[in-house]
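Trainee: next one to model:
(one chain, ligands or ions: 1)
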Amino acid sequence: MAINNIENSYEQVWLEYKLDKDSSYKRFFSNYYINFSGDISNNIIKELALFTNKKFGYNITECKSIKDSTLILKLVSDKTLGDEGFDFSLTKTQVIIKANNAVGVLYGVFHIIRDVNCNSTILEYNFKSIPQNPLRILNHWDNMSGEIERGYSGKSFFFKDGEIIINERIKDYARIIASVGINTININNVNVYDAHKLITEEYLEKLNTLTDIFKGYGIKLFISVSFASPMVIGGLNSADPLNKDVITWWKDRCRLIYKMVPELGGFLIKADSEGRPGPFTYGRTHADGANMLAECIDEFNGIIIWRCFVYNCQQDWRDTKTDRARSGYDNFKPLDGKFKDNVILQIKNGPMDFQVREPVSPLFGGLENTNQLLEVQIAQEYTGQQKHVCYLIPMFKEILDFNTYCNSKYGKVSDIISGKTFNKTNTGIVAVTNTGDDQNWTGHDLAGANLYGFARLAWDTTLTANQIAEEWIKQTFNNNKKVVDIVSGILLNSWESYEKYNAPLGIGWMVNPNNHFGPNVDGYEYDRWGTYHRADHLGVGIDRTKTGTGFTLQFYKKNEELFSNIKTCPDELKLFFHRLDYNFVLDSGKTIIQHIYDSHFDGVEDVESFLKNWKNLKALIDNKSYKRVLDRLKFQLTHAKEWRDVINTYFYRKSSISDKKGRYIY
Ligand code: BDP
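Mentor: Below you'll find the predicted structure:
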């Protein structure tokens, strides 16, 4: 299936089916019976052919009789399965996958393919699988020029030189993400720099072709549009959401769009954020802005996804009272209950911006009458830019498991975004994605585990980071125990290791401004972005309790107390919530300064061990992947040392306190 010219060739990630002629599962894949037709059905059949061919060395055939077939794919009517779930059952000679809709069967087929590839025991008992999150979304930050904002794996495979690309790779991308249950994608950058034309007549036909390709895999397509579109492409002199001409313009535009792209999911909007236009210009609220668009798109069953990443990026760093962490809640809590049903608020996991460690945004649980999506970032903008290994699934697990206390039974973030807590259906989870046109899709081969893992977790938030890592390793590399042990050992420790050599204890942001790569202690300190650590010779961190910026008051009481109390505030967030002396003793028994020194030395040692362990895989995995990861681990080691030295030196010079262990710090 891959295009074979070198420049554009690409790999099949976890769908790289490897020949195993002796597999005992073969018996279920002699022939299939299917009782429905259409694009999804065609794609299911194609996938089964590809799979049986590569895995077992023959082509599965169709069988018209249920009785004689080994794999039965059936549409049924079963309320318990919902729109996307499936039922798997098994007799001695037959596998039966049943669902209410074609997409459920597609998910079932990918599920059994995964089980075969993982040699899983799951093919030995009956089960039902129903996704926990209604919306499982990937956001691409691709510009139409072909560049990707915060993209670390090459260029866009959606756009090139201002045009939409339609090719085999797009189709493969659709099946890759459908195989792990993604059901929605947004294809262009939230910062709509050059994509205004996407909603002009010239581009709608191609957009429709794209939409159809993804529909064949049960995936809805969204696009980011600019709030100022009536001005930029409509020639109006306002984008005021309450202005009649503006409303008429949007209504007409939606009619045109949906006439040509009837299956479009809707729009994603970044407004009044980092220089993007929005309703604030006209003295209107975000509810005014979002509802106006929602009204226009409603007759086509469209949805408006509206981001809550709204803050003042023009702050005065001398003002110790303003706090960027507060802004999401301050802006959106008062609007709770004011959004139309087809508006969903998209909320970043933390109150700042995808740092290696942040508390959960208090908007989760804070908003009780609003559809909401949890937004995470698998593009590793602040977590090593896919040059460092940083498996983010353990972080996402912590976020999903966080109890907001908004509800005594269903208070966890995972409950809220599943729709359970507040009885909603327009809810779910989204990741800013990490793919590009690199041969391996994600730059770092091990970053593939974040794409895979995010999607698996979106389907089933109860899976563990370990289970997901194992599944991914077995399908991407192989089932060899040593491979599974070594790679999962690296993956499962990598987030913590990355955190160790970064900015300590939740303060974040010690990165180079703009590109956000590599250490820079004061790069953002005396600047307008509101990301301060406020280190001086006395101490470091920010008081975000009621005696400081008051951010903690945005949480429910139990969490407010947890974070405010220096004794109960978890070590890893101590400096996010408190300003502390370098000699303050952490729960770990170490002083802050000694913790900084130790963790930075430890982090480098961790990377040394990743590299050493990786080298043991030379003969056990594909040489191309082996080398690519090896090179990146070597780079990571050098870079981790730079992080260690810059951060340790900085704190040594600020505090004048020596390392107890007498190690060399500049
Ligand atoms: C920040 C990125 C910036 C994005 C912004 C966003 O640095 O490129 O545009 O998030 O989420 O992390 O809108």
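Trainee: ok, now which ones touch the residue of the stretch 551-666 of the chain found nearest the ligand?
Mentor: Residue nearest to the ligand within the stretch 551-666 of the chain: residue 576 (17.2 Å; Cβ to the nearest ligand atom). Placement of C-beta: from N, CA and C, glycine included. Contacts were defined as Cβ atoms under 8 Å, 6 or more residues apart in numbering; by that measure residue 576 touches 357, 358, 359, 505, 506, 507, 508, 541, 542, 544.
Trainee: so it, which of the three states?
Mentor: Secondary structure assignment for residue 576 (DSSP: H, G, I helix; E, B strand; the rest coil): helix.
Trainee: would you check that residue 164 makes contact with residue 206?
Mentor: Yes - Residue 164 is within contact range of residue 206, at 4.2 Å (criterion: Cβ atoms under 8 Å).
Trainee: how many residues are close by residue 538?
Mentor: 12 (other Cβ atoms under 10 Å).
Trainee: try residue 502
Mentor: Neighbours around residue 502, by other Cβ under 10 Å: 27.
Trainee: for residue 196, same thing?
Mentor: Residue 196: 17 neighbours (other Cβ under 10 Å).
Trainee: contacts only, for it.
Mentor: 225, 226, 229, 232, 233.
Trainee: can you list the contacts of residue 576 in JSON lines and add neighbour count, distance to residue 124 and secondary structure?
Mentor: Shown next, in JSON lines, are the contacts of residue 576 (neighbours: other Cβ atoms under 10 Å; distance: Cβ to Cβ, whole Å; DSSP: H, G, I helix; E, B strand; the rest coil):
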{"residue": "357", "neighbour count": "23", "distance to residue 124": "40", "secondary structure": "coil"}
{"residue": "358", "neighbour count": "21", "distance to residue 124": "42", "secondary structure": "coil"}
{"residue": "359", "neighbour count": "26", "distance to residue 124": "42", "secondary structure": "coil"}
{"residue": "505", "neighbour count": "25", "distance to residue 124": "47", "secondary structure": "coil"}
{"residue": "506", "neighbour count": "26", "distance to residue 124": "45", "secondary structure": "coil"}
{"residue": "507", "neighbour count": "22", "distance to residue 124": "49", "secondary structure": "coil"}
{"residue": "508", "neighbour count": "24", "distance to residue 124": "46", "secondary structure": "coil"}
{"residue": "541", "neighbour count": "25", "distance to residue 124": "53", "secondary structure": "coil"}
{"residue": "542", "neighbour count": "21", "distance to residue 124": "53", "secondary structure": "coil"}
{"residue": "544", "neighbour count": "25", "distance to residue 124": "51", "secondary structure": "coil"}
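Trainee: check the residues you listed against the ligand, which are close?
Mentor: Among the contacts of residue 576, no residue sits close to the ligand (Cβ under 6 Å from any ligand atom).
Trainee: what pairs with the residue minimising distance to the centre of the chain across the strands?
Mentor: By Cα atoms, centre = their mean, the chain has its centre lying nearest to residue 431, at 2.1 Å. Per DSSP bridges, the residues bridged to residue 431 are residue 138, residue 376.
Trainee: the closest residue to the ligand within the stretch 251-400 of the chain and residue 402: what is the separation?
Mentor: As assessed by Cβ to the nearest ligand atom, the ligand sits closest to residue 353 within the stretch 251-400 of the chain, at 4.5 Å. As judged by Cβ to Cβ, to the nearest Å, residue 353 and residue 402 stand 18 Å apart.
Trainee: tell me which residue in the stretch 401-550 of the chain sits closest to the ligand.
Mentor: Closest residue of the stretch 401-550 of the chain to the ligand, Cβ to the nearest ligand atom: residue 516 (6.3 Å).
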